[in-house]
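> only geometry, no sequence info:
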């Protein structure tokens, strides 16, 4: 007998992520600010970034699953059919954070830290961007890598 999965298929996982993304972008964060010499109070809307924690909480709030990390970590190789979609979700979240940080929509410093981006200024004034990539190798003979435990560094 198979193990019951709260999210039955990768397609359903993608549908849920799409709903999370739509809802997140539809409801920005409201920030109170004061403008001008008279300090007039205004409400500014700031775009809300996508996050893994936000997606996990979205799933929990809708009673889909309390903790979806097993899907993203492929616990005991029970979620192998979800590897591709989970990888795509991670990439979409990371893209949103990096692009939002680069555009100044989100705090660039926090975006760098969340996504393991390191900027170093060289002695000649040039800048070097290093991206740390986490991966995990499967225990079988295949060489495919998925995000997880190990760590590699690539400069660019």
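Received it, and whenever you're ready, just let me know what you need. Remember, predicted model here, so these are calculated numbers, not experimental data. Numbering: from 1, shown residues only.
> contacts, neighbours, all on C-alpha from now
Will do.
> so how far is residue 55 from the spatially most central residue of the chain?
Centroid check for the chain by C-alpha atoms, centre = their mean gives residue 93 as the closest residue, at 3.5 Å. Residue 93 is 9 Å from residue 55, where distance means C-alpha to C-alpha, to the nearest Å.
> returning to that earlier point: tell me who's in contact with the residue nearest to the centre of the chain.
Residues in contact with residue 93 (C-alpha atoms under 8 Å, 6 or more residues apart in numbering) are 50-52.
> could you point out where the chain is predicted with low confidence?
1-3, 117, 119-122, 125-156 (pLDDT under 70).
> Next SSE downstream of the helix or strand harbouring residue 96?
Per DSSP states H and E, residue 96 falls inside helix 83-102. Later in the chain than helix 83-102, the nearest helix or strand by DSSP H and E is helix 108-114.
> Name the SS class of the residue of the chain positioned farthest from its centre, please.
The outermost residue of the chain, judged against the average C-alpha position, is residue 38 (40.0 Å), by C-alpha atoms, centre = their mean. Put simply, residue 38 is coil when judged by DSSP: H, G, I helix; E, B strand; the rest coil.
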